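1. Sequence first, then the predicted structure, then my questions.
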Amino acid sequence: MIGYVTLGTNDREKAVKYYDDLLGEIGISRIMKEDHFDAWGTNFGEPMLLIMNPFNGEPATVGNGVMVSLFMENNEKVDVLYKKAMDLGSPDEGAPGPRGDGFYGAYFRDMDGNKLCAFHMTMPG
């Protein structure tokens with residue numbers, strides 16, 4: 001259902017390095033670089049994450065209640081991505097662990113304050 005998610009940045013060069021390093025840790029690479037955005041994903045036509053300076057020229061701000069969640073294939077990948085985020089200086093929003101039936105997640109923010117979640121989920125029962 002989701003084609004792509006866009007996160008605003010006030011320092012595109014710094015954000016690109018952050019996401020290259022962070023997502024590279026789980027085998028996701030930058031698949032597009034345009035004049036006004038960069039995009040990471042596994043294949044065209046599948047969900048992507050875009051980083052860009054706001055189109056209207058105003059400063060990027062963090063949306064209250066907005067979070068991008070990245071699905072991981074297992075709990076160990078959640079741990080790996082969270083550790084990489086901490087190594088990159090991300091603010092911690094919740095260490096990896098179980099949260100409800102079959103949900104394992106970790107929460108952190110990127111350098112612009114955008115909230116991210118790495119998670120793995122199995123069907124209960």
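-> Looks like it came in fine.
2. how much space between the residue nearest the centre of the chain and Arg109?
-> By C-alpha atoms, centre = their mean, the chain has its centre lying nearest to Leu116, at 5.0 Å. For Leu116, the distance to Arg109 equals 7 Å [C-beta to C-beta, to the nearest Å]. Bear in mind the C-beta positions are built from the backbone N, C-alpha and C, glycine included.
3. ditto for Thr61
-> With distances taken as C-beta to C-beta, Thr61 is found 13 Å from Arg109.
4. Could you check which of those two has the larger neighbour count?
-> Ranked by neighbour count (other C-beta atoms under 10 Å), Thr61 and Arg109 place Arg109 first, with 16 against 12.
5. check contacts around the residue nearest to that one when sequence neighbours are not counted.
-> Leaving aside its sequence neighbours, Arg109 sits nearest to Pro91 (C-beta to C-beta, 6 or more residues apart in numbering; 4.5 Å). Counting by C-beta atoms under 8 Å, 6 or more residues apart in numbering, Pro91 touches Phe108, Arg109, Gly113.
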